[in-house]
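Asks: Here's my sequence, what's the structure:
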Amino acid sequence: MSANLYENGGGNLTGVWAEHNTREAIYDAFRRKETFATSGTRLKIRFFGGWDFPTATLTNASWVQDAYAKGAPMGSDLPAKPAKVAAPLFLAWGVKDPNGANLDRLQVVKVWLQDGKHVERIYELALSNGRKVDLRTGKAPRRQHGGSEERHVQKYHRGNSALRRMAGPAI
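Replies: Next comes the predicted model:
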């Protein structure tokens with residue numbers, strides 16, 4: 001049996017978004033709670049919530065700076081809801097582990113306590129292979145196999161990321 005933990009370990013990892021790879025910057029990111037966890041793959045993920053992200057935010061090269069200016073990064077609290085806004089908007093960005101499996105989707109899993117029981121709702125944010133979320137059901141269509149599968153592999157192999165804007169009721 002190999003003692004290489006990278007190959008055989010449980011793989012639970014914590015990531016933190018820091019401006020620099022210094023002790024001070026990393027601790028600042030921990031204090032901001034700008035962290036994420038994964039159970040094995042070394043993916044990179046960013047997530048922002050806000051009330052007023054312009055649609056073009058995701059196409060700008062400076063989308064991260066715009067998201068900080070208009071929203072709250074993962075781990076932060078959203079400011080109070082404006083009166084004329086029905087639901088928050090979310091920006092999500094994900095990149096697969098260069099040595100790992102392809103990304104199929106980005107999801108938000110919301111869990112809350114209702115009448116003493118845990119309730120869960122899954123929100124599909126971004127799907128691979130050109131698939132779109134069914135806006136009526138909020139569900140992802142089944143993944144097609146064959147030629148389209150190869151395009152999916154090639155798309156993520158080149159390191160592209162997924163960005164999506166989403167509004168959801170009572171999220």
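
Asks: what pLDDT, on average, does stretch 12-31 get?
Replies: Computed over stretch 12-31, the mean pLDDT rounds to 89.

Asks: what sits up against it?
Replies: The contact list for stretch 12-31 (Cβ atoms under 8 Å, 6 or more residues apart in numbering) reads 34-40, 42, 44-46, 73-74. The way it works is simple: take the backbone N, C-alpha and C, and place the C-beta from them, glycine included.

Asks: If you count neighbours, what's buried in it?
Replies: By 16 or more other Cβ atoms under 10 Å, the buried positions in stretch 12-31 come out as G15, V16, W17, A18, A29.

Asks: Any idea what the second one is bridged to?
Replies: It refers to V16. Per DSSP bridges, the residues bridged to V16 are T35.

Asks: ok, of the contacts of stretch 12-31, which one's closest to E124?
Replies: For the contacts of stretch 12-31, the minimum distance to E124 (Cβ to Cβ) is 15.1 Å, reached by I45.

Asks: Give me the three-state assignment for the residue nearest to E120 when sequence neighbours are not counted.
Replies: Nearest residue to E120 in three dimensions, chain neighbours excluded: V111, at 5.0 Å (Cβ to Cβ, 6 or more residues apart in numbering). In three-state terms, and counting by DSSP: H, G, I helix; E, B strand; the rest coil, V111 is strand.

Asks: Contact partners for V111?
Replies: Neighbour list for V111: H118, V119, E120 [criterion: Cβ under 8 Å, 6+ apart].

Asks: now the strands for this structure?
Replies: With DSSP state E as the criterion, the chain has strands at 12-16, 35-39, 44-50, 71-73, 89-95, 105-114, 117-127, 162-167.

Asks: Serialize these to TSV and add fields for distance to P141.
Replies: Listed next are the strands of the chain as TSV, based on distance: least, Cβ to Cβ, whole Å:
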stretch	distance to P141
strand 12-16	30
strand 35-39	25
strand 44-50	23
strand 71-73	29
strand 89-95	19
strand 105-114	11
strand 117-127	8
strand 162-167	15
